[in-house]
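Colleague: my questions are about this predicted structure, shown below with the sequence.
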Amino acid sequence: ERTTVLITGCSSGIGLGLAARLAADGRFKGKGVTLCPGGADPPRVPQPGWAAASAAERLGVTVAVVSPPVYATMRDLAKGQRLLERLGGCCPDTLEVLQLDVTDLRSVAAAAQRVQEQRLDVLVCNAGVGLMGPLETCSEQAMKTLFEVNLFGAIRTIQAFLPAMKRRRAGRILVSSSIGGLQGLPFNAVYCASKFAVEGLCESLAVVLRPFNIHLTLVECGPVNTSFLTNLRRPDPEGSEMQGLDAETRGLYRRFLQHCQSLFRHTAQEVEDVLQAFLEAMGTPCPPLRRVTTQLFAPLLRLRLTSPDGSAYVQAMHDFVFGGGEAGGDQP
Ligand code: NAD
């Protein structure tokens, strides 16, 4: 039985890794079309609606109707080259790359329209951006953009694909959330706020989706080696954005950045390591609402349950990031 999947945010990181893995996986095989016949050059750069069928059309080859099981979507199709390279430079019949900007309702609707004749088994809301820094330095625009992508982007995408899943009374929705959606992280207040919101959204939705046989899973990643950290907006502690900020917060922010760098260096998972969580959520009969990819933060997470007033968590997180004394600690 073929499984059809649509993933957002596939130009890099987890989305790219997941799309490449699924496109190469037997369970996600398409209907078998020869894409690069007679020694003709395969298409190098994805175009709108880029797929095995359209590529073959351009090459003047007659093909059967192709229904690719993996729709890898991205905001900017020009960035599809990396995915193509990962797949050996040739678009397999198992894959179609579609334009989808989660902040643009028309773009989301167009992608949903394109997939409409297909039965979509799994929707993966993965697109996301980060924002770090003292709260006082987060601009109105940066905060709004973050919520537009992380929260409203996920809502728009789910709204577009949910009605068809409900009609079929089947489907799975996977959402790339974060440990930062389960616990507050210093200097990540707005990012955590967006992921906490995603958690509330999904937990609420999961209750209603139960009778429709639609399973929703939040994949809670800790640090993962992707371009996420370099892509995110993060003010320089010595930069102009810090002007007017008190020296104590600036000092704490400097220490946080060191801690963050060291945490990523020593504990970050590779994309391949976190893909297992997504594959399990797609494959197991009754996937959980939440699936963490690392046990690194388990002791801190447990504190939230054992000490519900939150003060033990705040103290422990402070010690974890800034150290009990001046030395600083790296272990949770
Ligand atoms: P990444 O930066 O490589 O990937 C994020 C993807 O989202 C990019 O391809 C980007 O182009 C895309 N994107 C951004 N805005 C978009 C928009 N408007 N429309 C469509 N796509 C858009 O980082 P990643 O680590 O692969 O992140 C994937 C998800 O995992 C995110 O939701 C992120 O919050 C979450 N996450 C990452 C980490 C980490 O440490 N890398 C940790 C926890 C959670």
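Modeller: Yes, it's here.

Colleague: pLDDT score assigned to the closest residue in space to E270 that isn't next to it in sequence?
Modeller: Distance criterion CB to CB, 6 or more residues apart in numbering; nearest residue to E270, sequence neighbours excluded, is N225 at 5.5 Å. For the C-beta atoms, the positions are set from N, CA and C on the backbone; glycine is no exception. At N225, the model reports a pLDDT of 96.

Colleague: one more: A24?
Modeller: Here the pLDDT value assigned to A24 is 88.

Colleague: ok, it touching C90?
Modeller: No. The criterion here is CB atoms under 8 Å, and A24 misses it with C90 at 12.0 Å.

Colleague: got a list of what the residue in the stretch 101-250 of the chain positioned nearest to the ligand touches?
Modeller: Minimum separation of the stretch 101-250 of the chain from the ligand (CB to the nearest ligand atom) falls at G128, amounting to 2.1 Å. Shown in contact with G128 (CB atoms under 8 Å, 6 or more residues apart in numbering): G9, V149, N150, G153, S176, S178, F228.

Colleague: Throw those residues into JSON lines and include distance to L162, thanks.
Modeller: Output for these, formatted as JSON lines (distance: CB to CB, whole Å):
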{"residue": "G9", "distance to L162": "19"}
{"residue": "V149", "distance to L162": "19"}
{"residue": "N150", "distance to L162": "18"}
{"residue": "G153", "distance to L162": "15"}
{"residue": "S176", "distance to L162": "18"}
{"residue": "S178", "distance to L162": "22"}
{"residue": "F228", "distance to L162": "27"}
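
Colleague: could you pull out the helices for the chain?
Modeller: Secondary structure of the chain by DSSP state H: the helices cover 13-23, 52-58, 81-86, 105-115, 140-147, 154-168, 189-209, 228-231, 247-267, 271-283, 298-306, 311-322.

Colleague: just want the angle from the fifth one to helix 189-209.
Modeller: In other words, helix 140-147. On the basis of axes from the mean of the first three to the mean of the last three CA atoms, to 10 degrees, helix 140-147 is oriented at 30 degrees to helix 189-209.

Colleague: equivalent analysis for the last one, please.
Modeller: Angle, helix 311-322 to helix 189-209, by the same axes, to 10 degrees: 130 degrees.

Colleague: what residues sit buried inside helix 311-322?
Modeller: By neighbour count on 16 or more other CB atoms under 10 Å, the buried set for helix 311-322 is Y313, A316, M317, F320, V321, F322.

Colleague: can you check stretch 188-202 too?
Modeller: Quick answer for stretch 188-202 (16+ other CB under 10 Å): 188-199, 201-202.

Colleague: biggest separation within those residues, which pair?
Modeller: Across the buried residues of stretch 188-202, the longest distance by CB to CB is 20.5 Å; it joins A189 and C202.

Colleague: in strands, which of the contacts of G128 appear?
Modeller: Those of the contacts of G128 mapping onto strands are S176, S178, per DSSP state E.

Colleague: roughly how far apart are V219 and F228?
Modeller: 14 Å (CB to CB, to the nearest Å).

Colleague: ok, those two, which is more surrounded?
Modeller: V219 (24 against 19; other CB atoms under 10 Å).

Colleague: now the more buried one. Nearest residue, chain neighbours left out?
Modeller: Here the residue nearest V219, using CB to CB, 6+ apart, is A277, at 4.9 Å.

Colleague: pLDDT score for the residue nearest the centre of the chain?
Modeller: For the chain, the residue sitting closest to the mean C-alpha position, by CA atoms, centre = their mean, is N126 at 2.5 Å. We have a pLDDT of 98 for N126.
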